[in-house]
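J.: Quick check, what structure comes out for this input:
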Amino acid sequence: MNCDNCESDRLLDVMAHCSDTCVMNYKGVEHEGYPPYDLNLGGGDDVEFTVCLDCGKIQGLSKWPDPEFFTKQ
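T.: This is a model prediction of the structure:
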């Protein structure tokens, strides 16, 4: 598999199990609890993504919407 931005093969898979203790902050709005599914970074108790170590792009994402926890404010 190569990076969908720069074609590098230097991809790091990140997987974390956070047992509903994830904290995210976006524009001053804080979310604490399960990782939200809408950001395509995992969900439930798990955070999972692949990042390119050359260009820094998270794979499979071209543009992120505002997080659901922010738009509910």
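J.: Low-confidence stretches in the protein?
T.: Within the chain, the stretches with pLDDT under 70 are 72-73.
J.: Could you pull out the helices in it for me?
T.: Under the criterion DSSP state H, the chain contains helices at 68-71.
J.: any idea where the strands of it begin and end?
T.: Using DSSP state E, the strands of the chain run over 11-17, 22-26, 29-33, 42-43, 46-52.
J.: Out of those strands, which is closest to residue 62?
T.: strand 46-52 (13.6 Å; Cβ to Cβ). Every residue, glycine included, has its C-beta placed from N, CA and C.
J.: Only the buried residues of that closest one, if you could.
T.: Neighbour counts using 16 or more other Cβ atoms under 10 Å place 47, 49, 50, 51, 52 of strand 46-52 among the buried residues.
J.: Equivalent analysis for stretch 14-24, please.
T.: Residues of stretch 14-24 classed as buried: 22, 24 (neighbour count, 16+ other Cβ under 10 Å).
J.: and that stretch, how far from the chain's centre?
T.: When distances are taken as Cα atoms, centre = their mean, to the nearest Å, stretch 14-24 is centred 11 Å away from the chain's centroid.
J.: which residues touch that stretch?
T.: When contacts are defined by Cβ atoms under 8 Å, 6 or more residues apart in numbering, stretch 14-24 is touched by residues 30-36, 42, 45-51, 67, 69.
J.: Could the C-alpha coordinates of stretch 7-14 be exported in PDB?
T.: Provided in PDB are the C-alpha atoms of stretch 7-14 (Å, rounded to 0.1, in the frame of the first residue of the first chain):
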ATOM      1  CA  GLU A   7       2.900   7.600  -3.100                       C
ATOM      2  CA  SER A   8       5.300   6.900  -0.300                       C
ATOM      3  CA  ASP A   9       5.400   3.400   1.200                       C
ATOM      4  CA  ARG A  10       6.200   4.800   4.700                       C
ATOM      5  CA  LEU A  11       2.800   4.300   6.300                       C
ATOM      6  CA  LEU A  12       2.200   3.900  10.000                       C
ATOM      7  CA  ASP A  13      -0.900   2.100  11.300                       C
ATOM      8  CA  VAL A  14      -2.100   3.600  14.600                       C
END
